[in-house]
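> Need coordinates for the below:
(one chain, ligands or ions: 2)
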Amino acid sequence: MMQQIYPAPYHHFRFELNKDFHFAAAHYIPCEDAGKCRQVHGHTYFANITIVGNELNDSGFLVNFQDLKKLIHQRFDHTLLNEDSLFDDQDSEKFPTTEIVAKTVAEIIQQHLDQLPNKPKCIQVFLRETPTSYCVYRPISGANLS
Ligand SMILES: Nc1nc2c(c(=O)[nH]1)N=C([C@H](O)[C@H](O)COP(=O)(O)OP(=O)(O)OP(=O)(O)O)CN2
Ligand SMILES: [Zn+2]
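Numbers count the residues shown, from 1 in each chain. Ligands and ions are numbered 1, 2, ... in the order given. Alright, predicted model coming up:
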């Protein structure tokens, strides 16, 4: 696993948990601007997920590390992202760009967290698409991070 330095999100929660994992997926960006990236090509995406909260569950977990990986890996690993129902070649807000994949990962994880009694929050998704390209997505604005 590649070691990375992540931007540290600002917050006042007592616990901050981070999970690293990767998944292999193909995609293409269906627009003129994308140049060679309009062709189907693959990446090993590398993700770092940041979860915060004040309360732990009965296992002493903020959230199970394994569930975070499973949620994303089972859905996207060895798939063509454009074929997933969460993306749409006809809608530029749903093209599988690094930005939109990062946002989608955050949304999938938050939907899971919303079902947990201790109500943790996903406050950052760092998603690296290539050795030179990555996106950091923060779903919650700074003002609401306490
Ligand atoms: N803002 C975005 N720009 C681009 C995206 C994207 O998701 N968001 N995606 C691509 C391509 O899909 C490609 O996977 C990444 O492109 P790039 O960084 O250019 O990759 P290279 O390895 O060719 O870059 P080097 O500069 O040679 O390292 C394009 N743009
Ligand atoms: Zn790409």
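
> tell me the pLDDT at the closest residue to residue 88 other than its chain neighbours?
Using CB to CB, 6 or more residues apart in numbering and skipping the chain neighbours, the partner closest in space to residue 88 is residue 94 (3.9 Å). Bear in mind the C-beta positions are built from the backbone N, C-alpha and C, glycine included. Looking at residue 94, its pLDDT reads 98.

> Contact partners for residue 94?
86-88, 100 (CB atoms under 8 Å, 6 or more residues apart in numbering).

> Within range of ligand 1, give me the residues from the chain.
Residues of the chain found near ligand 1 (CB under 6 Å from any ligand atom) are 29, 34, 37, 97-99, 129-130, 132-133.

> Cross those residues against strands and list the overlap.
Among those, the ones falling in strands (DSSP state E) are 129-130, 133.

> any chance of those residues in a markdown table, plus distance to residue 58, neighbour count and pLDDT?
Conversion of those to a markdown table gives the following (distance: CB to CB, whole Å; neighbours: other CB atoms under 10 Å; pLDDT from 0 to 100):
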| residue | distance to residue 58 | neighbour count | pLDDT |
| --- | --- | --- | --- |
| 129 | 37 | 20 | 97 |
| 130 | 41 | 11 | 96 |
| 133 | 40 | 10 | 96 |
